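**Student:** Output the structure for:
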Amino acid sequence: MSVFLFEWRIMEIGFRYWRNPVRGNNKEINTRGEKMNSAISKLVFSLFLVSTVATASGDDWVNLPNSDLTVILKGKRISASHVRGGQVTLQFRDDGTLYGNHSSGGADSGKWKIEESKLCMNWRQWEYEGCGLIQQRGSEYRHLYPNGSLHLSFRVK
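**Tutor:** Numbering: from 1, shown residues only. Here you go, the predicted structure:
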């Protein structure tokens, strides 16, 4: 919060000098201009610091490569939260067969594969068909729809 107040103060000072230029000799105008440049420089620097801190502590999801995806999924059963609600249990068999059970009672089967660092799923009945990224942040994972929006979130045990 203090960084925000500091930035606001610098913007306020800069705006005051821009809005009320000093009329008079060149020395005063140059001094005010230098103060304005200094204020703008401080503002830009503080915005840079704030954006750097926000990026470092923000949403650090990492796209996983093929080799990691295979280790995480092949032969595994995961329990995931579906973006539309409920839990879904997915079983990724070694032969590429996929089984799923939804907490609402629905079940389906299909095929899965890893292609170009994406998980591709093709279900017989369920709506999802296509390839989406799997991303990791710490022990959390998420699968994205082909359009990039969230599909599933899960943890690997």
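**Student:** Spatially, which residue comes closest to residue 60, not counting chain neighbours?
**Tutor:** residue 137 (5.7 Å; C-beta to C-beta, 6 or more residues apart in numbering). Placement of C-beta: from N, CA and C, glycine included.
**Student:** burial measure for the one you found, as a count.
**Tutor:** 11 (other C-beta atoms under 10 Å).
**Student:** what residues are up against the closest residue to residue 72 other than its chain neighbours?
**Tutor:** Sequence neighbours aside, residue 156 is the residue nearest to residue 72 in space, at 5.6 Å (criterion: C-beta to C-beta, 6+ apart). Contact analysis of residue 156 by C-beta atoms under 8 Å, 6 or more residues apart in numbering lists 72, 76, 78, 139, 141.
**Student:** Which of those residues has the largest number of neighbours?
**Tutor:** residue 141 (21 neighbours).
**Student:** Just checking: what are the partner strands of the helix or strand where that one lies?
**Tutor:** Per DSSP states H and E: residue 141 is located in strand 140-144. Paired with strand 140-144 in the same sheet, following DSSP bridges, are strand 129-137 (antiparallel), strand 150-155 (antiparallel).
**Student:** Could I get the CA-only coordinates of it as CSV?
**Tutor:** Below are the C-alpha coordinates for strand 140-144, written out as CSV (Å, rounded to 0.1, in the frame of the first residue of the first chain):
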residue,chain,number,x,y,z
GLU,A,140,-1.2,-28.0,-8.3
TYR,A,141,-2.0,-28.8,-11.9
ARG,A,142,-4.6,-27.6,-14.4
HIS,A,143,-5.8,-28.8,-17.8
LEU,A,144,-7.0,-26.2,-20.2
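**Student:** Give the rounded mean pLDDT of it.
**Tutor:** Per-residue pLDDT values across strand 140-144 average out to 95.
**Student:** residues of the helix or strand hosting residue 81 that come out buried?
**Tutor:** Assigned by DSSP H and E, residue 81 falls within strand 77-82. By neighbour count with 16 or more other C-beta atoms under 10 Å, strand 77-82 contains the buried residues 78, 80-82.
**Student:** now do stretch 148-157
**Tutor:** 151-152, 154.
**Student:** List the buried residues of the strand holding residue 141.
**Tutor:** 141-144.
**Student:** Please work out the angle formed by the directions of it and strand 77-82.
**Tutor:** For strand 140-144 against strand 77-82, the angle by axes from the mean of the first three to the mean of the last three C-alpha atoms, to 10 degrees is 70 degrees.
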